[in-house]
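A.B. asks: Output the structure for:
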Amino acid sequence: MGAEEHRQKAGKGRVSVAIVTVSDTRTPDTDQNRQYIEARMAESGHVVAAYRLIKDEPDQVAAVIEELAGMPDVQLVLFNGGTGISPRDTTYDVVSRYLEKTLPGFGELFRMLSFQEVGAAAMFSRATAGVYRGTLIFSMPGSPNAVQVALEKLILPEINHLAWEIARKG
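C.D. replies: All right, here's what the predicted structure looks like:
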């Protein structure tokens, strides 16, 4: 069965997501990424089941992964922030340790799309994705433009297909 047949089987149902903003400075009121993701999910017929705003501290990242992957109504976790190379950027390091199955294509395609917009600085991004305990996890940079690119070009076009793939039994 090809990708198009899988998309048809996946249908257009509601997918439940969790948003995790990793930031040392944002608040729930100033979190533009949360606002954008929530609006796009609602417009697309999906639901935001949880939201967390955490510092880029390894123990906080690990705790939120465990918490959200343990919630039966969360199919995808969308991390934004902490994917760079500065000393404070530890999200990628923690997320990558948890992934049982990786989706290297997400990071590769994200960096390719970013290169078209920001040039060689795209290589600084450690965007990644994969599956942990039956939950899809996406980790993208925290800039609003990066979140928009990841959501519009990569995640939303395949969100139902992704959710269907992790739920199917064979």
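
A.B. asks: Kindly tell me how buried the residue lying closest to residue 12 once chain neighbours are set aside is, as a neighbour count.
C.D. replies: Excluding the flanking residues, the one nearest residue 12 by CB to CB, 6 or more residues apart in numbering is residue 160, at 5.8 Å. Placement of C-beta: from N, CA and C, glycine included. By other CB atoms under 10 Å, 21 other residues sit near residue 160.

A.B. asks: Does residue 160 touch residue 11 like I think?
C.D. replies: Yes. Residue 160 sits in contact with residue 11 when judged by CB atoms under 8 Å, with a separation of 6.1 Å.

A.B. asks: Buried residues in the biggest helix by length in the chain, which are they?
C.D. replies: For the chain, the helix with the greatest residue count under DSSP state H is helix 104-118. Residues of helix 104-118 classed as buried: 106, 107, 109, 110, 111, 113, 114, 118 (neighbour count, 16 or more other CB atoms under 10 Å).

A.B. asks: Now tell me what touches that helix from outside.
C.D. replies: Residues outside helix 104-118 that contact it (CB atoms under 8 Å, 6 or more residues apart in numbering) are 121-123, 125-129, 138, 140, 145-146, 149-150, 153-154.

A.B. asks: Kindly report the same for stretch 22-38.
C.D. replies: Contacts for stretch 22-38 (CB under 8 Å, 6+ apart): 17, 19, 21, 48, 51, 53-56, 61, 78-82, 88, 91, 142, 144, 147-148, 151.

A.B. asks: make it 7 Å
C.D. replies: 19, 21, 48, 51, 53-56, 61, 78-82, 88, 91, 142, 144, 147-148, 151 (CB atoms under 7 Å, 6 or more residues apart in numbering).

A.B. asks: Repeat that for stretch 39-53.
C.D. replies: Contacts for stretch 39-53 (CB under 7 Å, 6+ apart): 14-21, 23, 26, 28, 31, 34, 38, 64, 68, 71, 73-74, 151, 156, 159.
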